[in-house]
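Novice: I would like the atomic coordinates for the input below:
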Amino acid sequence: MPTTATLLNLASWVLPLIFAITLHEVAHGLVANIFGDHTARDLGRLSLNPIRHVDPVGTLVLPMMLALGGAPVFGWAKPVPVMFSALRNPRWHGVLVSAAGPLMNFALALLSALALGLMVAAEGPVVGPIGSFVRLNLFNFILVNVSLGVFNLIPLPPLDGGGVVSGLLPPALGRRYASIGKYGLVLLLVVLVGLPWLFPKLDLLRRLIGPPIQAMVTGLLGLVGLD
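Specialist: Numbers count the residues shown, from 1 in each chain. Alright, predicted model coming up:
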């Protein structure tokens with residue numbers, strides 16, 4: 001049976017992840033709504049209520065299993081529906097819609113770092129159990145948001161980075177590149193599950209996104225005097 005410490009550690013990962021994923025998806029819908037596609041608004045997906053965005057496996061089961069196993073925690077929510085053809089400028093506004101989710105995560109990471117810095121400056125290095133739990137949540141919120149932002153910027157459809165690249169390429173080439181999205185989930189499973197299972201020492205994903213995540217987290221903590 002999980003101990004209290006295990007449950008608190010689990011909560012300190014799952015709660016930041018739920019809010020980070022929710023606001024990531026809402027950002028996509030908000031930017032799409034600004035530029036003419038009201039699909040997310042009409043379906044009630046601009047809500048900050050996490051229940052509207054939760055994917056049972058990607059938002060709850062997988063993150064809890066990873067947290068309990070001591071592995072890096074990540075996940076996903078139900079994607080906000082976007083009709084790119086309804087945008088006033090499907091190509092360039094589509095780039096902004098795709099970039100909105102990761103940019104939201106980076107903004108949240110910055111705000112969390114500022115909050116953590118202020119809390120440490122006000123309370124000092126020693127705090128009680130509640131203060132420690134809040135600090136842990138803030139630190140994990142930084143890490144989760146930076147990780148989600150960097151991961152989603154991998155230039156592979158259907159990830160957000162793939163959408164950005166598709167829009168920046170010449171239209172004909174962009175459409176061909178976007179068509180990779182049909183196989184994107186399979187490719188991601190190969191990278192996330194298949195390759196680590198076949199070649200445990202390869203650790204491709206960590207080698208790819210680990211350095212920028214480390215650099216951003218270190219930079220944010222240094223910015224608020226916590227390096």
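Novice: Can you get me a residue count around Q214?
Specialist: By the criterion of other Cβ atoms under 10 Å, Q214 has 11 neighbours. All C-beta atoms are positioned from the backbone trio N, CA, C, and that covers glycine.
Novice: Which helix or strand contains it?
Specialist: For Q214, the element it lies in under DSSP states H and E is helix 204-223.
Novice: Following the chain past the helix-or-strand element of the chain with minimal mean pLDDT, name the next helix or strand.
Specialist: In the chain, no helix or strand scores lower on mean pLDDT, DSSP states H and E than helix 62-68, which sits at a mean of 66. Next along the chain after helix 62-68, taking DSSP H and E as the criterion, comes helix 90-123.
Novice: helices or strands next to that next one in the packing?
Specialist: For helix 90-123, the elements it packs on are helix 4-34, helix 129-152, helix 160-168, helix 204-223, judged by 3 or more Cβ pairs under 8 Å, 6 or more residues apart in numbering; DSSP states H and E.
Novice: by how many degrees do the third one and helix 4-34 diverge?
Specialist: Read it as helix 160-168. Interaxial angle of helix 160-168 relative to helix 4-34 (axes from the mean of the first three to the mean of the last three Cα atoms, to 10 degrees): 20 degrees.
Novice: What angle do helix 129-152 and helix 160-168 make with each other?
Specialist: Computed by the same axes, to 10 degrees, the angle separating helix 160-168 from helix 129-152 equals 40 degrees.
Novice: chain center to the helix or strand following helix 160-168: distance?
Specialist: Downstream of helix 160-168, the first helix or strand assigned by DSSP H and E is helix 171-178. Centre-to-centre, helix 171-178 and its host chain are 25 Å apart (Cα atoms, centre = their mean, to the nearest Å).
Novice: residues of helix 171-178 that come out buried?
Specialist: For helix 171-178, the buried set under the neighbour-count rule, 16 or more other Cβ atoms under 10 Å, comprises G174, Y177, A178.
Novice: for stretch 7-22, same thing?
Specialist: Neighbour-count burial for stretch 7-22 flags 9-14, 16-22 (criterion: 16+ other Cβ under 10 Å).
Novice: Among these, which one sits closest to S98?
Specialist: I21 (16.1 Å; Cβ to Cβ).
Novice: my read: that closest one touches P79, true?
Specialist: No. Judged on Cβ atoms under 8 Å, I21 makes no contact with P79 at a distance of 10.6 Å.
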